[in-house]
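Enquirer: What follows is a predicted structure for the sequence shown.
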Amino acid sequence: MTIRDNDGVRAVVWAGDRLRLLDQRRLPGVVEWIEATSAIEVADAIRDMVVRGAPAIGIAAAYGAVMAARDCGDDRLSLLAVFDQLVRARPTAVNLHWALARQRRVVDAAPQDLSGALLEEAVAIHDEDIAANRRMGALGGALIESGDVLTHCNTGSLATGGYGTALGVIRSAYGDGRIGRVYADETRPWLQGARLTAWELVQDGIPVSLLCEGAAAALLARGGISWVVVGADRIAANGDVANKIGTYGLAVLARHHGVRFMVVAPTSTVDMETPDGASIPIETRPAQELLTLAGRPVAAAGADAWNPVFDVTPAGLIDAIVTEAGIVEQPGLAGMHELMGQRA
Ligand SMILES: CSC[C@H]1O[C@H](OP(=O)(O)O)[C@H](O)[C@@H]1O
């Protein structure tokens with residue numbers, strides 16, 4: 001049973017004393033919820049990609065902090081150690097750091113009811129994310145005049161608090177009649193595009209065609225794609241963007257074929273402390289995730305794998321970064337500082 005509302009299928013639901021997580025490893029064939037009853041279980045769920053997507057894992061960690069406070073009581077050292085385990089669950093998405101920094105400020109304020117104050121902050125983080133996605137949908141959707149679009153990985157309600165980032169722009173533009181069809185990269189090895197994005201778009205009644213990443217060049221060469229629209233896991237101060245592996249190649253192809261390239265991410269994904277893309281930690285996941293498909297080997301026994309799950313797209317290949325605070329065209333150092341300064 002899925003839980004859906006106007007913002008799409010919910011991936012993260014607070015249930016009073018535990019966090020219910022839609023197990024995204026099982027979608028689309030099996031709809032199954034995991035109940036995380038402690039912060040460590042939330043950290044495990046993030047690391048094991050039960051829940052994934054930069055904003056969604058930040059939101060899950062924010063709720064995990066609530067359970068950490070409940071379980072650690074007055075032991076502040078233990079509490080902060082658990083916070084650190086949540087932050088370290090996955091290295092690339094800055095949203096984990098951002099969400100736990102907000103919860104740390106709540107702890108430092110030493111409220112009478114710490115768990116209650118942390119829950120209030122977690123709910124605020126969740127609600128703000130949905131509002132940001134709706135705002136980005138409107139801002140980014142207006143950039144798309146017509147045609148079809150290509151997207152990568154999953155950036156929908158499953159990757160966020162609801163509605164989605166790049167998929168939120170696509171939802172808004174489609175609703176305004178600006179998009180005919182969405183082309184979705186299957187996004188090996190975890191298949192977020194095939195298993196999650198196609199599932200979300202089919203449920204919304206938005207025409208979607210799946211493609212293997214290797215077909216993206218031919219698709220862009222064929223014509224008809226007006227924008228490549230993707231999400232982000234961390235945007236550095238100079239506008240370089242870390243996103244799902246394969247994004248950088250799409251940006252090179254888009255520039256070669258004169259197709260515009262849009263990155264959509266809330267300001268919670270912008271990290272002004274990281275100067276450039278070379279400074280962003282890139283997560284490498286177990287070789288088995290690449291050597292198997294649905295649990296079955298796809299490579300000869302004995303073969304190893306190189307499995308970085310993110311790459312960095314230089315700001316110079318990006319035509320627009322869309323955030324809830326505004327759009328940075330041809331993003332560069334000045335643009336990002338101006339944008340974030342606006343937000344402060
Ligand atoms: C809306 S952020 C989604 C972002 O997260 C994905 O990575 P993962 O599925 O490994 O968490 C991918 O980079 C998406 O663009």
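Expert: Alright, I've got the coordinates. Numbering: from 1, shown residues only.
Enquirer: contacting residues for Ile179?
Expert: Listed by Cβ atoms under 8 Å, 6 or more residues apart in numbering, the contact set of Ile179 reads 144, 146-149, 170, 173, 206. From N, CA and C alone the C-beta is placed, and that goes for glycine too.
Enquirer: among those, which are in strands?
Expert: When the contacts of Ile179 are checked against strands (DSSP state E), the matches are 148-149.
Enquirer: Which other helices and strands does the longest helix along the chain contact?
Expert: If you go by DSSP state H, the chain has its longest helix at helix 114-141. If you count contacts as 3 or more Cβ pairs under 8 Å, 6 or more residues apart in numbering; DSSP states H and E, helix 114-141 packs onto strand 12-14, helix 54-72, helix 95-108, helix 166-175, strand 260-264, strand 320-323, strand 326-329.
Enquirer: if you set the cut-off to 6 Å instead, what comes out?
Expert: helix 54-72, helix 95-108, helix 166-175, strand 320-323 (3 or more Cβ pairs under 6 Å, 6 or more residues apart in numbering; DSSP states H and E).
Enquirer: who's in contact with Ile235?
Expert: If you count contacts by Cβ atoms under 6 Å, 6 or more residues apart in numbering, Ile235 has them with 241, 269-270.
Enquirer: helix or strand for it, which one?
Expert: Counting by DSSP states H and E, the element that carries Ile235 is strand 234-236.
Enquirer: hmm, that strand touching the ligand?
Expert: No - interface with the ligand: strand 234-236 contributes nothing (Cβ under 6 Å from any ligand atom), its closest point being 9.5 Å away.
Enquirer: Can you tell me the strand partners of that strand and which way each runs?
Expert: strand 241-244 (antiparallel), strand 270-271 (parallel) (DSSP bridges).
Enquirer: who's in contact with the shortest one?
Expert: Meaning strand 270-271. Residues outside strand 270-271 that contact it (Cβ under 6 Å, 6+ apart): 94, 234-235.
Enquirer: Would you mind putting the residues you listed into CSV with pLDDT and distance to Glu121 alongside?
Expert: Listed next are the contacts of strand 270-271 as CSV, based on pLDDT from 0 to 100; distance: Cβ to Cβ, whole Å:
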residue, pLDDT, distance to Glu121
Val94, 98, 18
Arg234, 98, 22
Ile235, 98, 23
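Enquirer: and the nearest residue to Asp148 once chain neighbours are set aside, how far is that from the ligand?
Expert: Nearest non-adjacent residue to Asp148, counting by Cβ to Cβ, 6 or more residues apart in numbering: Arg181, 4.6 Å away. Note on Arg181: its distance to the ligand, by Cβ to the nearest ligand atom, to the nearest Å, is 20 Å.
Enquirer: count of residues packed around Arg181?
Expert: When neighbours are counted by other Cβ atoms under 10 Å, Arg181 registers 16.
Enquirer: likewise Met67?
Expert: Neighbours of Met67 (other Cβ under 10 Å): 23.
Enquirer: And Ala221, by the same measure?
Expert: 12.
Enquirer: Distance of it relative to Val259?
Expert: 10 Å (Cβ to Cβ, to the nearest Å).
Enquirer: Quickly list what's touching both of those two.
Expert: By Cβ under 6 Å, 6+ apart, no residue touches both Ala221 and Val259.
Enquirer: Now the stretch 51-200 of the chain against the ligand: closest residue?
Expert: The minimum distance from the stretch 51-200 of the chain to the ligand, using Cβ to the nearest ligand atom, falls at Arg52 (3.4 Å).
Enquirer: Count the neighbours of that residue for me.
Expert: The number of residues packed near Arg52 is 26, by other Cβ under 10 Å.
Enquirer: Where does it sit: helix, strand or coil?
Expert: Following DSSP: H, G, I helix; E, B strand; the rest coil, Arg52 is assigned to coil.
Enquirer: do Pro111 as well
Expert: Pro111 is classified as coil under three-state DSSP.
Enquirer: What residue, apart from its backbone neighbours, is nearest it spatially?
Expert: Using Cβ to Cβ, 6+ apart, the nearest residue to Pro111 is Ala117, at 4.0 Å.
Enquirer: among the strands paired with strand 234-236, which is nearest Ala303?
Expert: strand 241-244 (22.9 Å; Cβ to Cβ).
Enquirer: All set now, cheers.
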